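Chemist: Have a look at this prediction, sequence included:
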Amino acid sequence: MPPMRIRLDPWPVDIEGGQLGLQHFEGDLIDIETPRWAAVAAKPVPARLHTVYVVDGKRRMESRVFIEDEAGEAGMGGFGAYVVGAVRMCPHGSRQAELTDVKARRLLAHAPGLRVDPYRLSPRDPHTGTLQYTPIVTESADPLAPLHKLQQVMLAEEQNLSHGLASAVPFSEEDDREALTSLTIQDGSLRSKNLGGAVVGCVKTMQTQYLPADRASLLSELRPGERTPILHMKYANSPYTRFIWYVRLCEAAFYQHPMSGVMRLEMYAPDEPDFLPPIVREVANVSGNLLCRLASRAHKDPRAPQNLIPTAALESAMTRAMGSADLVTRRLRAHIARELGVVA
Amino acid sequence: MTFGEDGERLGRVLGTEDVTPTVFWFAVAPGASVGLDDLVVVRTMKPDGREVRFYGLVDNVRKRHEGVTFESDVEDVVAGVLPASVSYAARVLVTRVDPEHFIPPQPGDEVRHAHGSDLDMALSADKMKEAAFPAGLLADGQPLPLNFRFVNGESGGHINISGISGVATKTSYALFLLHSIFRSGVMDRVARAGGGHTAGTAGGKAIIFNVKGEDLLFLDQPNGRVQEREAEAQVAKGLSADRYTLMGLPMSPFRDTQFLAPPRPGSSNNAIVPHTDQRAQGVTPFVFTLREFCERRMLPYVFSDAGASLNLGFVIGNIEEKLARLAAEGEGAALLVSDWEPEGDGELPDGITFDALGKTRLETFDQLLSYIEYKLLEEGDGEGDPKWVLKQSPGTLRAFVRRLRGVQKHLSPLVRGDLSEAQARQYRPNLLGGAQLSVVDIHNLSGPAQMFVVGVLLREVFEHKEKYGRQNTVFVVLDELNKYAPRDEGSPIKDVLLEIAERGRSLGIILIGAQQTASEVERRIVSNAAIRVVGRLDLAEAERPEYRFLPQSFRARAGILQPGTMLVSQPDVPNPVLVSYPFPAWATRRDEVAEEVGQSVEEVGEDWLGL
């Protein structure tokens, strides 16, 4: 019997779940690239791939509210803000990375059946801007509905942004009109339906162990930049199908579990598991080189290397775009005080 | 809309740094370029709707990566992996707030380049009106106005220039200021505005003591290189015209000049020729007669360290008095004494002559010294003449004589009794009656003789002005003030300089003093200067209290100033301003003298041979 071994999860303990979860996966997994289960070396990034976008979104609930409209109806709602944005960069390092489309939008989500006007908070000082909240109806009167609505709107926006920026993925063998010239890396798992862009989702954690035990050992053996073959995946209770593969971004430290530098990548797949679009294979081939360049380092980011450098920069830019939560709450309070004629 | 409102937008006031009425930072807008010394204007609105404008000067600029936390992130930014922006910010020292409501500007307020009327406000030129004259060019090619009322003694006076030597900028800048004062017409404008109480340029005089080389003996000659050098500077600085044109000054040498030099010592048959090596023509030698020496009480200026001993000062005063009385009798250059009884051939120096009445005739400085020595130490069997000795101890007397003997060699050519009446008149230095600009070349004199000449001439100017008032302004340019007015010791020359510094401005004598280190000059002289100019400084020197008028950032910069740039501080503007001034249009060395059209080959040859 081998001796007992304990090794550390690399992520800080206050992040829920850690990097490794290893829940059992129920669904279908099909070899689509090759039946040979072995590491695939990374290929260099082709010259025609000139732009890589890293896209992420963020939302914040700023205040829960109780609304009474002019007709005397009352209900719950919430002031919320969300922001989606992208980092545009060149995979060859020929120009500087830049933030694009990082803009906060604000919603006043409210229960159905209320008449709500756009809410505009004017500044107390010049040069400090106004806050404009657009009303939006939630599906139900549930107290958590405003938060869900906010999340929904944000994800839809993120999805639109991701696919709008990327090259299209053709879904037939004959279609060779599209080449991979721009690729979007989206933070986290792919959600909702496929809009047809070359979007690759980066899943930082391994909460679910998709691979059977005999295949999982390859994850520990990958060297930085290498990937597993591409698999076609279908969840047991979800209509969406994906291509998935794993990439190693860096060596695991001796005290960490051996899968600590490994990341799972996802791309949208057609339902029928009989066709691997060439662009997906191309993305998988360059993913090792690309992601090793973008991987963060432990002393700079607690979720290194999976939390990519552009993602971390984007996250802080998005937080900044939403403004200080304290100040926004104070502005809301001061505004309501003025509306009610109370001297604040 | 005034012209000033059209200034290019440079950025917005930062809200992440403190904004105060005197100092604030602004973020430089993309595409704008802001450097040190740029003049800016900010308009802010008070809640009551009234506008307050802040005028200031950029004294610090910085760039940094924004949005990154780690210093090593710079690699990722350059590699195109990490998005970051470069933040470019500048700090403004406010020079003026108008109206004087000392509120801070609002973060986000626009910062604009100060042009036209805004520039005038930033530099307080609107207050100067007709008294403004150019003191050099600002970084952006606009002239810096200097207030002549703070130069001519009306509101303030005197100019002090500090800077290490070798960079050779102190004298150049002083000359440039003189050129600007005389040729910009400011003296006439101020005279007219003052109702004619002062004479303007016509009455203005300048006296320059040339203490090193023969640099200043060619000020009346055009500089052969100025066109070329100004054309270079115009291209290098991206100016629209040469710097003289931009300041409205003629690119021409000084007019109406005279050059004075001491006589060459030991020349054959006692001919009086100027002691200069490079220029012989147009230089007038100057000498003092022995009678003038006594009559006009020049003796104290022989002793630059008289303050060291009280007793010595007493003896000097006494002898000075005795000599003045001797000189009151008779006339001519020589002195006649009746009480020097030659007792034997060996007792008297050679060349002593006697007049008809049997009086001894003193014709040289050496003879005067021998006579004094006789009166103090030899007469009456070594007791001396009691009226001269006045019970002073022989030690003090000997010290006095020894010091006199020490300078004998240096002063003999300068103080002479063997001159005819006509010669004495011809060679008497005439600083105030003659040309507009007098250069007194003393570089060939030894230290004590330099002190003597400067002290005597300055006192004469001072006494003249005391009699005739401030009608005509006299500018005195003196380098190496630390030698003439050191901080720690007293001397008659220092007394004269102090008088000029403290009372001169009301008499119309303006001292344009220069020194390497202001910390070594008498504090009262430096502190009386209304205009202070700093060239390159030793960094340790720049931290001395004398330079507190420079903000810290300027003190650091004083260490890297190049020749041709100066920091100018004037009372109207609370912060110093960096200016560049043009290459001299006058020759400062012989090889710079432009070939005069029409000068014959023989003349040029004679010039070169010093014939």
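Modeler: Sure, I can see it.
Chemist: how many neighbours does the residue lying closest to A:Q306 once chain neighbours are set aside have?
Modeler: Nearest non-adjacent residue to A:Q306, counting by C-beta to C-beta, 6 or more residues apart in numbering or on different chains: A:K204, 3.8 Å away. Quick note: C-beta positions are derived from backbone N, CA and C, even for glycine. Neighbourhood size, A:K204 [other C-beta atoms under 10 Å in any protein chain shown]: 19.
Chemist: Please report how far A:K204 lies from A:K300.
Modeler: 15 Å (C-beta to C-beta, to the nearest Å).
Chemist: can you give me the strands in the stretch 151-300 of chain B?
Modeler: Using DSSP state E, counting those that start in this stretch, the strands assigned to the stretch 151-300 of chain B run over residues B:159-162, B:205-210, B:257-261, B:283-285, B:288-289.
Chemist: what's the closest of these to chain A?
Modeler: In terms of C-beta to the nearest C-beta, the element of the strands of the stretch 151-300 of chain B nearest to chain A is strand B:159-162, at 43.2 Å.
Chemist: Which single residue in chain B comes nearest to chain A?
Modeler: B:G108 (2.9 Å).
Chemist: Just the pLDDT for that residue.
Modeler: B:G108 is assigned a pLDDT of 91 by the prediction.
Chemist: for A:T128, same thing?
Modeler: 72.
Chemist: ok, now which ones touch it?
Modeler: B:G108 (C-beta atoms under 8 Å, 6 or more residues apart in numbering or on different chains).
Chemist: Distance-wise, check it relative to A:V328.
Modeler: Distance from A:T128 to A:V328, by C-beta to C-beta: 12 Å.
Chemist: the strands in the stretch 201-344 of chain A, which residues?
Modeler: Using DSSP E, counting those that start in this stretch, strands in the stretch 201-344 of chain A cover A:206-209, A:231-235, A:241-248, A:262-268.
Chemist: isn't there a strand covering the residue of chain B closest to chain A?
Modeler: No: per DSSP: H, G, I helix; E, B strand; the rest coil, B:G108 lies outside any strand segment and is coil.
Chemist: how many neighbours does it have?
Modeler: Look at B:G108: counted by other C-beta under 10 Å, it has 18 neighbours.
Chemist: In chain B, which strand is the longest?
Modeler: As assigned by DSSP state E, the longest strand anywhere in chain B is strand B:51-66.
Chemist: buried stuff in that one?
Modeler: B:52-61, B:65 (16 or more other C-beta atoms under 10 Å in any protein chain shown).
Chemist: Using JSON lines, lay out the strands of the stretch 201-344 of chain A together with distance to chain B and mean pLDDT.
Modeler: JSON lines is the format used below for the strands of the stretch 201-344 of chain A (distance: least, C-beta to the nearest C-beta, whole Å; pLDDT from 0 to 100):
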{"stretch": "strand A:206-209", "distance to chain B": "24", "mean pLDDT": "89"}
{"stretch": "strand A:231-235", "distance to chain B": "29", "mean pLDDT": "89"}
{"stretch": "strand A:241-248", "distance to chain B": "17", "mean pLDDT": "94"}
{"stretch": "strand A:262-268", "distance to chain B": "16", "mean pLDDT": "94"}
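Chemist: will you turn those strands into CSV that also has mean neighbour count?
Modeler: As requested, these are exported to CSV (neighbours: other C-beta atoms under 10 Å in any protein chain shown):
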stretch, mean neighbour count
strand A:206-209, 18
strand A:231-235, 19
strand A:241-248, 24
strand A:262-268, 23
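Chemist: Make CSV out of these and add distance to B:D256.
Modeler: Below are the strands of the stretch 201-344 of chain A laid out as CSV (distance: least, C-beta to C-beta, whole Å):
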stretch, distance to B:D256
strand A:206-209, 94
strand A:231-235, 99
strand A:241-248, 87
strand A:262-268, 87
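Chemist: so which of these gets nearest B:E502?
Modeler: strand A:262-268 (81.5 Å; C-beta to C-beta).
Chemist: Contacts made by that closest one with the rest, please.
Modeler: A:169, A:189-190, A:194, A:196, A:198-204, A:206, A:210, A:219, A:222, A:227, A:240-249, A:280, A:283-284, A:287, A:291, A:305-306.
Chemist: measure stretch B:126-143 end to end?
Modeler: Stretch B:126-143 has an end-to-end distance of 14 Å (C-alpha to C-alpha, to the nearest Å).
Chemist: For it, list every residue counted as buried.
Modeler: B:126-128, B:130-140, B:142-143.
Chemist: Please identify which two of these are farthest apart in space.
Modeler: Greatest spacing in the buried residues of stretch B:126-143, by C-beta to C-beta: B:E130 and B:A139 (25.9 Å).
Chemist: which non-adjacent residue is nearest B:G141?
Modeler: In this structure, B:G141 finds its nearest non-sequential neighbour in B:L239, 4.7 Å apart by C-beta to C-beta, 6+ apart.
Chemist: Who are the contact partners of residue 194?
Modeler: Since you didn't name a chain, this refers to chain A. By C-beta under 8 Å, 6+ apart, the residues touching A:N194 are A:240, A:268.
Chemist: The intended chain is chain B.
Modeler: Here B:G194 is in contact with B:E154 (C-beta under 8 Å, 6+ apart).
Chemist: And A:S189, by the same measure?
Modeler: A:201, A:203, A:266.
Chemist: From those residues, pick the one nearest A:I30.
Modeler: Among the contacts of A:S189, A:E266 lies closest to A:I30 (C-beta to C-beta), at 14.8 Å.
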